[in-house]
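A.B. asks: Need a 3D model of the sequence below.
(2 chains)
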Protein chains: 2
Amino acid sequence: MDLSRHGSFDDAVERLVPPDERAASAALDHHNRLTKPRGALGHLETIGVQLAAIAGSDPPPVPDRATVAVFAGDHGVLSEGVSPWPAEVTAQMVANFCAGGAAINVIARQMGADVVVVDVGVATTLDPAAGLVDAKVRPGTANLAVEPAMEREEAIRALDVGAAVAAEAAEGGARALVTGDMGIANTTPSAALISALTGRPPAEVTGRGTGITDDAWGLKVAAVEAGLARTGDVEVLELLASVGGLEIAALAGFVVGGAAARVPVLVDGVIALAATVVAAELAPLALGYCLAGHRSTEPGASTALEHLGLRPLVDLDLRLGEGTGACLALPVVRAAALVLSEMATFDSAGVTDKTT
Amino acid sequence: MDLSRHGSFDDAVERLVPPDERAASAALDHHNRLTKPRGALGHLETIGVQLAAIAGSDPPPVPDRATVAVFAGDHGVLSEGVSPWPAEVTAQMVANFCAGGAAINVIARQMGADVVVVDVGVATTLDPAAGLVDAKVRPGTANLAVEPAMEREEAIRALDVGAAVAAEAAEGGARALVTGDMGIANTTPSAALISALTGRPPAEVTGRGTGITDDAWGLKVAAVEAGLARTGDVEVLELLASVGGLEIAALAGFVVGGAAARVPVLVDGVIALAATVVAAELAPLALGYCLAGHRSTEPGASTALEHLGLRPLVDLDLRLGEGTGACLALPVVRAAALVLSEMATFDSAGVTDKTT
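C.D. replies: You can find the predicted model right below:
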């Protein structure tokens, strides 16, 4: 994957256009002629209308081809004791993704989606592997509890990586993009970003991640509080550099890159939602291209969903990340497009409409 | 489809065995060795364990092949003014199903599921069509507000039809069954059955169906109340005959027939849930083979889900029936089986387990 062929994050922001309201209206009218009581497909109809607005056509294209991009990075804040998993697991899981053995590989294969793994900030040097993109900005972040996680320039480079991966996938034919992530300790910077940008206190948006003890949770909240106190009230790019993560910055770029390519972006759990909250600040028009794949059990995920006004498509208590929840939602998105393409109308099927 | 080759509903009840607890335990242990934090796939893990218990093996078979059975019937209670749709729409929609133009056709094609349409009680005589099974017990029910909807013998014959359709599908290779229904006014008998068997008042479990006015809703509640007052406190088969529907009775048979074949049954909305409440009374062991496909907006659906202790897999405000909500859940069920078949373990992938 040659990411240098694509423009920067800023280029993607400049290409953004609002979703097409005329196509949305056409899809809404179309739904009312299909052989079902009006509104009976509930939120599936809303998704169909959004897909029409995104593509600028009714019926919208069916997103048969989809790409899951799993952005991987390490986190200096792990040294605060916020997770019981060692940092080496990030690199080991990247190898597992490349070998096809992780949950996201299984679910993506089922859904006919490609998986691309992007090293944007793993602490160790990784061996080349099929499906692995080396776009390392730096080998892991610094400890956000005591110093900025990264330089502002590094955050911008990570945004560029994400936007370029989205552009590459869309150019390759993907008609839906799915956000994925891997990074031991990455729910900590996610909580920090969500707290800062929604105004909710750290203890309210900080969760148990992979399943941590009360003591580790206390350390995690303290790390978020320390990072936010150190950072103070700054603009969003500065905040992202100070308390974010490399894969989170790349995901924010990926969301905006997908929107710039007018492709629906299925957002996964709390890490991707933190990135989407950042993306919505940097480029508000991108939000109209986003669909929330699922509701993670992490409390910050629900806070971010509410803040963004997104309704999750799947709600099964997942808390794995990798893109698993969003990938599970892909059939729902495809169904929303297919009913607009393939269902008969009252007229065409000779079905009598209701009398009142 | 030669339904006479299969045994009766009572034969199916006699073949029921409890789900296999040893296979469930094996799947639970297996999940804890896979490369993810324990429990991180949430309810997907619970489904995987249930599928193992149903099949008696870990990993459970992946339900690639699935059959949606749409049972169709008409309802005399329509004359009470409970729906704005004319009865002829039931037959017209059966034709739409056979032509492939309805929502369930679109979603079933997407999911690679077969659709079989079973006339168990449409009021008019239907033209033969591909995929249409003529198993009419009687041409529509009587008006349950004033007299028994059907004879007890007719209810038994409808139960037999459903059980035979499930046996036929399982014998044909289906590894998941999906309940479907079509019948103008069929949310009225569903509300009556759910009210009687859960003890909740009619007004609480009676909904807007396809979207009715306040006046029609009042007539609908009154019809349910009249039917239940006329019936009194009777055993469940008598209740089913008195206030049920032909497609509801067939669906109860289908649920039990699927369980007897040890195949998971994905239950759709309020009509299928009413049938499942009946099935659970007639054959309690069948419930362990059921998965709730989705949460319909009909209030009786939530009452029945709670009564049965089932957690819906999809929650998108659908209220169409036909099996659409349950069919949308099929990829979730497949994913639950696939992760147990295909994910790497910590040992096999060389991933370090957490330190505490």
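A.B. asks: need the next SSE after the top helix by length along chain A, C-terminal direction.
C.D. replies: Identified as the longest helix of chain A according to DSSP state H is helix A:152-171. Later in the chain than helix A:152-171, the nearest helix or strand by DSSP states H and E is strand A:176-182.
A.B. asks: what about A:T345, neighbour count?
C.D. replies: By the criterion of other Cβ atoms under 10 Å in any protein chain shown, A:T345 has 13 neighbours. All C-beta spots, glycine's among them, are computed from the backbone N, C-alpha and C.
A.B. asks: Actually, A:G323.
C.D. replies: 32.
A.B. asks: wait, it sits on A:I271?
C.D. replies: No: if you go by Cβ atoms under 8 Å, A:G323 and A:I271 don't touch, sitting 9.9 Å apart.
A.B. asks: Identify the contacts common to these two.
C.D. replies: A:D181 (Cβ atoms under 8 Å, 6 or more residues apart in numbering or on different chains).
A.B. asks: in the stretch 251-356 of chain A, what spans have low per-residue confidence?
C.D. replies: For the stretch 251-356 of chain A, the stretches with pLDDT under 70 are A:355-356.
A.B. asks: where do the strands sit along it?
C.D. replies: Here the stretch 251-356 of chain A has its strands, by DSSP state E, counting those that start in this stretch, at A:265-267, A:290-292.
A.B. asks: Could you look up the SS state of A:V120?
C.D. replies: strand (DSSP: H, G, I helix; E, B strand; the rest coil).
A.B. asks: Do I have it right that it meets A:G244?
C.D. replies: No: A:V120 is beyond contact range of A:G244, at 11.7 Å (criterion: Cβ under 8 Å).
A.B. asks: out of these two, which sits in the busier spot?
C.D. replies: A:G244 (33 against 28).
A.B. asks: Isn't that one up against A:A155?
C.D. replies: Yes: between A:G244 and A:A155 there is a contact at 6.6 Å, judged by Cβ under 8 Å.
A.B. asks: measure the nearest residue to A:A301 once chain neighbours are set aside to A:A155 for me?
C.D. replies: Spatially, and ignoring its direct neighbours in sequence, A:A301 is nearest to A:V270 (4.2 Å; Cβ to Cβ, 6 or more residues apart in numbering or on different chains). In this view, A:V270 and A:A155 are 19 Å apart by Cβ to Cβ, to the nearest Å.
A.B. asks: Surely the residue nearest to A:A301 is in contact with A:T187?
C.D. replies: Yes: contact status for A:V270 versus A:T187: in contact at 5.9 Å, counting by Cβ under 8 Å.
A.B. asks: just to revisit the earlier point, buried residues of the longest helix of chain A, list them for me.
C.D. replies: Neighbour-count burial for helix A:152-171, counted by 16 or more other Cβ atoms under 10 Å in any protein chain shown, picks out A:154-170.
A.B. asks: how far does it sit from the chain's center?
C.D. replies: 13 Å (Cα atoms, centre = their mean, to the nearest Å).
A.B. asks: That one vs strand A:176-182, what angle?
C.D. replies: 140 degrees (axes from the mean of the first three to the mean of the last three Cα atoms, to 10 degrees).
A.B. asks: Quick one: list the elements packing against helix A:152-171.
C.D. replies: helix A:9-15, strand A:66-73, strand A:113-121, strand A:176-182, helix A:236-243, helix A:246-260 (3 or more Cβ pairs under 8 Å, 6 or more residues apart in numbering or on different chains; DSSP states H and E).
A.B. asks: I'd like the ones you listed written out as CSV, with distance to A:E147 added.
C.D. replies: Formatted as CSV, those follow (distance: least, Cβ to Cβ, whole Å):
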stretch, distance to A:E147
helix A:9-15, 24
strand A:66-73, 17
strand A:113-121, 16
strand A:176-182, 23
helix A:236-243, 9
helix A:246-260, 15
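A.B. asks: which one of the ones you listed lies closest to A:S25?
C.D. replies: When those are compared by Cβ to Cβ, helix A:246-260 sits nearest A:S25, at 20.6 Å.
A.B. asks: Get me the contact residues on the stretch 251-356 of chain A for chain B.
C.D. replies: Contact residues (Cβ under 8 Å from any Cβ of the partner chain) of the stretch 251-356 of chain A with chain B: A:297, A:313-320, A:324, A:328, A:331-332, A:334-335, A:338-339, A:341-344, A:348-352, A:354-356.
A.B. asks: Selecting buried members of those in ChimeraX, what would you type?
C.D. replies: In ChimeraX, this line selects whichever of these come out buried by 16+ other Cβ under 10 Å:
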select /A:297,313,314,315,316,317,318,319,320,324,328,331,332,334,335,338,339,342,343,344,349,351,354
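A.B. asks: Which members of the residues of the stretch 251-356 of chain A next to chain B are positioned in helices?
C.D. replies: Using DSSP H, those in helices are A:324, A:328, A:331-332, A:334-335, A:338-339, A:341-342, A:348-349.
A.B. asks: In JSON lines: these, plus distance to A:L41.
C.D. replies: What follows is these, written out as JSON lines (distance: Cβ to Cβ, whole Å):
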{"residue": "A:T324", "distance to A:L41": "25"}
{"residue": "A:L328", "distance to A:L41": "19"}
{"residue": "A:P331", "distance to A:L41": "14"}
{"residue": "A:V332", "distance to A:L41": "11"}
{"residue": "A:R334", "distance to A:L41": "14"}
{"residue": "A:A335", "distance to A:L41": "9"}
{"residue": "A:L338", "distance to A:L41": "11"}
{"residue": "A:V339", "distance to A:L41": "6"}
{"residue": "A:S341", "distance to A:L41": "14"}
{"residue": "A:E342", "distance to A:L41": "13"}
{"residue": "A:S348", "distance to A:L41": "18"}
{"residue": "A:A349", "distance to A:L41": "16"}
